[in-house]
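K.L.:
any chance you could fold what I've pasted below:
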Amino acid sequence: MACLGFGPADFELFDIDDPEDRAAAIEGVLQPKLRGIAAGALAGLTRIAGKPLHAHDGKPPRRKGRPPEEALVVFCDSPRGYRGLPFLAVVVTHDHLHARVGVRGESPQRAAMQGALVREAGNLARKGKPFRKLRTFADWNFEELPELAPAHSVAFWQELSEEVAPGRIGLDLGVALSREEARSLSLGDLLGVFRDLAPLYKLLANS
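P.N.:
Now for the predicted structure:
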């Protein structure tokens, strides 16, 4: 199976200092590649999620005078957008390609998602191998990767439930692959990572 097509030049776009120039390069180079991956991955992700998904260009937070630190394409079960909904995402940053599951933005579903995480914390902690490379990215500074999450701990999932509560920062978890790994990653490999993340996505999406 063909590789996804990310090379050193793609990651080096994040070395562009000027905020507007970097944003333009990301929109002109990275987003089309991510849209292509989305088109290829959508059917497989729909099977993994167990429900129809829709792809959206991600909207990373923009801070005045600061260049964007990530490019992403997001999958959720709404054609109108992913704000406040559980999502799957393919994310590119300076040194890594990420597969993530998360929730950004407010929605009436937040309280139900919090309750589901509390209720299923024990089962999530017992997942073992699928979550062994999990990291939390909700408040990441885009520099050194966050430490591996203690996903084997019930307390970790209980604490995470507090972050998805109404009015809180939200949830953003995933697996980060290095530039070198990304160069040889195929679509099937990427879907395999999302298959590992699927139990968490399904729990949130069905709450």
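K.L.:
where in the protein is pLDDT low?
P.N.:
1-2, 61-62 (pLDDT under 70).
K.L.:
same thing but 90
P.N.:
Scanning the chain for pLDDT under 90 picks out 1-3, 5, 59-66, 128-130, 139.
K.L.:
all strands for it, in order.
P.N.:
Using DSSP state E, the strands of the chain run over 54-57, 71-76, 86-92, 96-103, 135-136, 171-178.
K.L.:
let's have the ones you listed in TSV, adding distance to residue 162 and mean neighbour count.
P.N.:
(Each C-beta comes from the backbone N, C-alpha and C, glycine too.) Output for the strands of the chain, formatted as TSV (distance: least, Cβ to Cβ, whole Å; neighbours: other Cβ atoms under 10 Å):
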stretch	distance to residue 162	mean neighbour count
strand 54-57	27	18
strand 71-76	22	24
strand 86-92	17	25
strand 96-103	13	24
strand 135-136	13	19
strand 171-178	10	21
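K.L.:
can I get these in JSON lines with distance to residue 3?
P.N.:
Shown next, in JSON lines, are these (distance: least, Cβ to Cβ, whole Å):
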{"stretch": "strand 54-57", "distance to residue 3": "20"}
{"stretch": "strand 71-76", "distance to residue 3": "17"}
{"stretch": "strand 86-92", "distance to residue 3": "14"}
{"stretch": "strand 96-103", "distance to residue 3": "11"}
{"stretch": "strand 135-136", "distance to residue 3": "23"}
{"stretch": "strand 171-178", "distance to residue 3": "12"}
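K.L.:
residue 150: which of those is closest?
P.N.:
Closest approach to residue 150 among those (Cβ to Cβ): strand 135-136, 10.2 Å.
K.L.:
and the contacts of that closest one?
P.N.:
Identification of contacts with strand 135-136 by Cβ atoms under 8 Å, 6 or more residues apart in numbering yields 145-149, 160, 172-176.
K.L.:
kindly report the same for stretch 103-118.
P.N.:
Stretch 103-118 is contacted by residues 82-87, 124, 157-158, 160-162, 164-167, 170-172, 203-204, 206-207 when judged by Cβ under 8 Å, 6+ apart.
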